[in-house]
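**Q** model the following, please.
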Amino acid sequence: MFYIFSILALLCWSGSDLFSKMGTRERDKNSHWKVVFAVGLIMGIHFFITLIGGAIIDNTVGVDAVPKVIASIFYTDFKPFDFIRYFPVAGLYILAMVLGYIGLRYIELSISSPICNSSGALAFLLCLLFGIFSMEELTAVTIIGIVLITVGIVGLGFVEQNEDEEIKKARQERANRKYAKSILAFLMPILYLVIDALGTAGDELIFIKTDITDYAANSAFELTFFCLAIFAFIWIKFVKKDNIFRGNKHLFFGGFCETVGQIFYMAVLFSDFSVGMVIISAYCAISVLWSRIFLREKMSWKHYLMIALVISGIVILG
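**A** Residues are numbered from 1 along each chain as shown. Next up, the predicted model:
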């Protein structure tokens, strides 16, 4: 059953990548706020569902009597103070995601997704640096994974910046998307990688230092995202005078996939199913596949070689 949950999480999160990209327009300066609104709105809905469900479960059978996947959908033991103490970590995660959404305007999903999802390698190194993990956990396999990711990311940057401009334009014409060659475009997923890794290290630390549960932490994250969605709505509707709903159905599909993927991830997490985590960590590979099929993105063989190195490193670390 948890193998199925892992596959579902992988499909949902890769679907979130795809739909968020499909709903992003290069010339729409508000596109990232529209993604934030869509994702935050649906996460907020799930937050309130778990508040109600958690109260019912606690007052009836108790969470231990409920299947983990049901608990992931309907349960939380969230308390208001959890929002405050988890806010720095949630803020880092969400800031990384917003930067990733901005980057979708400037770079192919095939390049962006593998870079963004390499944050686990840096997070592991940060946990070693901060003393959260011991050096005994730095195995040869871990080193290989980190090296593959590092070489792949550096290689992607080199290939992207040194590709002939005419060749780049020619392969982008088929997808009807044109991206200017710029450091900024490549910088966005790199910033995502760094900030998300800081969030992951903070995540590990807060679970060591406090008694916050996975349920409460996830709810605090969803509530934080919902608050940002309210800001995004006000910003787009009343400041920018833009229509937040017209032609943006893909963004809401993306928000739905992001939230449902998180639910299945939590179900796998509670099972301590290590193989499931490896499966989920490879979802960026499916994102690359979707971008090739549905977005018609076409990379050079050098791009695909570097992407393969990154994905291999992610799976090894997983």
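
**Q** so the spatially closest residue to residue 317 that is not a sequence neighbour is in which element?
**A** Residue nearest to residue 317 in three dimensions, not counting chain neighbours: residue 145, with 4.0 Å by C-beta to C-beta, 6 or more residues apart in numbering. (C-beta placed from N, C-alpha, C; glycine too.) For residue 145, the element it lies in under DSSP states H and E is helix 140-162.

**Q** wait, what's in contact with the residue nearest to residue 317?
**A** By C-beta atoms under 8 Å, 6 or more residues apart in numbering, residue 145 lies in contact with 121, 312, 313, 314, 315, 316, 317.

**Q** isn't residue 14 right next to residue 283, touching?
**A** Yes - using C-beta atoms under 8 Å, residue 14 is in contact with residue 283, at 4.6 Å.

**Q** let me know the secondary structure of residue 189.
**A** helix (DSSP: H, G, I helix; E, B strand; the rest coil).

**Q** and the residue nearest to residue 317, how far is that from residue 110?
**A** Counting by C-beta to C-beta, to the nearest Å, the gap from residue 145 to residue 110 is 21 Å.

**Q** same question for residue 315.
**A** Taking C-beta to C-beta, one finds residue 315 at 17 Å from residue 110.

**Q** neighbour-wise, which of these two wins?
**A** Ranked by neighbour count (other C-beta atoms under 10 Å), residue 315 and residue 110 place residue 110 first, with 23 against 16.

**Q** and residue 86, how far is that from residue 44?
**A** Note on residue 86: its distance to residue 44, by C-beta to C-beta, is 16 Å.

**Q** what about residue 129, neighbour count?
**A** 10.

**Q** kindly report the same for residue 139.
**A** Neighbours of residue 139 (other C-beta under 10 Å): 9.

**Q** what distance do you get for it to residue 269?
**A** 22 Å.

**Q** ok, residue 252 next?
**A** Taking C-beta to C-beta as the measure, residue 252 falls 26 Å from residue 269.

**Q** one more: residue 52?
**A** 22 Å.

**Q** what of residue 116?
**A** Residue 116 sits 20 Å away from residue 269, going by C-beta to C-beta.

**Q** more neighbours: these two, which one.
**A** Applying other C-beta under 10 Å to residue 116 and residue 269 shows that residue 116 carries more neighbours, namely 24 against 20.

**Q** quick one: contacts for that one?
**A** 96, 100, 189, 192, 193, 196, 284.

**Q** at 7 Å instead, please
**A** Under the criterion of C-beta atoms under 7 Å, 6 or more residues apart in numbering, the contact list for residue 116 reads 100, 189, 192, 193.

**Q** as a markdown table, these with pLDDT and neighbour count would be great.
**A** Output for the contacts of residue 116, formatted as a markdown table (pLDDT from 0 to 100; neighbours: other C-beta atoms under 10 Å):
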| residue | pLDDT | neighbour count |
| --- | --- | --- |
| 100 | 93 | 25 |
| 189 | 91 | 28 |
| 192 | 94 | 25 |
| 193 | 92 | 24 |
